[in-house]
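A.B. asks: need a structure here:
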Amino acid sequence: MLHNMDSPELAVVGLTCNVVGVFFLANSIRLREPRKALADALGVGVKSVMRIRDTALNNMQVMLGFLFLTTGFLLQVVAQWNMELGTLVLCAAIIGFACAVYAVGAYSSRRAFKRMLREFFQSEAWSFVDDMELTKEIGAILGVPHTKDMTVEVYVHRVRQALGVQDAPKPKASSAAERARRIALPGR
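C.D. replies: Here you go, the predicted structure:
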C-alpha cells in the first residue's frame, strides 16, 4: 500500500493523524485570563478543585495532540518528497522564521508577565516575608540578586522595590507611657 514516495495513501494517513491531533489539542485547551491564573496561583482567587482536577488529562491530551500532528505532517512531507533544492531552502526559511517569531514571543511574554506581577502586587496587600520561597522566585523573575549574607528584610525590600510596591509601614517602638497616652486620647 505505501510503496512509492509520491503516495496519496501516505498523505491520507498523515491527514488522519492531523485530525486526531487537532481533536486532542482542542479537547485540552483551557482558556484562562492570565491575570486570573496569576491570582489563582498565588492563592487569592476563588478556590476550587474542579479547575485543577483535569490538569493531568489536559497535559496528556496536549502531548498526544502534538505527537499526532507532528506525525501527520511528517507523513505528508514524506508522501511528497520529490522536492527541489529551492523548496528545501524555502522550508528551512519558514522554520527559521518560526524560530524568530517564537523568540520574540517568548521575550514579549516574559515582559508582559513581569508587568502583570507588578500590577498584581501593587493592587494586593501581600506579606513577602511569610513565603520566602515565593518571594525568591519573584525576585529571580525580576532579576533581584540574592546573596547569602543578605537579610530577609533587605531582600524583601529589594523585591518590593522591583515590583514598585511601598514597604509595609513598620510599627513604631513606643514606651508603655506613650501607648497609654494614645489609648487615653478622646475619640480613640
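A.B. asks: Break the protein into its domains for me.
C.D. replies: 1-82, 84-168 (automatic domain parsing).
A.B. asks: Generate CSV for those, with mean pLDDT and mean neighbour count as supplementary columns.
C.D. replies: (C-beta placed from N, C-alpha, C; glycine too.) Formatted as CSV, the domains of the chain follow (pLDDT from 0 to 100; neighbours: other C-beta atoms under 10 Å):
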stretch, mean pLDDT, mean neighbour count
domain 1-82, 75, 14
domain 84-168, 88, 13
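A.B. asks: all helices of this protein, in order?
C.D. replies: Per DSSP state H, the chain carries helices over the ranges 8-28, 34-41, 50-53, 55-79, 85-123, 132-142, 152-163, 176-184.
A.B. asks: Please state the offset of the fourth one from the chain centre?
C.D. replies: To tie it back to what came earlier, the one meant is helix 55-79. On the basis of C-alpha atoms, centre = their mean, to the nearest Å, helix 55-79 sits 22 Å off its chain's mean C-alpha point.
A.B. asks: what angle separates it from helix 85-123?
C.D. replies: Using axes from the mean of the first three to the mean of the last three C-alpha atoms, to 10 degrees, the direction of helix 55-79 lies 160 degrees away from that of helix 85-123.
A.B. asks: Mind listing residues that contact helix 55-79?
C.D. replies: Helix 55-79 is contacted by residues 5-11, 13-28, 30 when judged by C-beta atoms under 8 Å, 6 or more residues apart in numbering.
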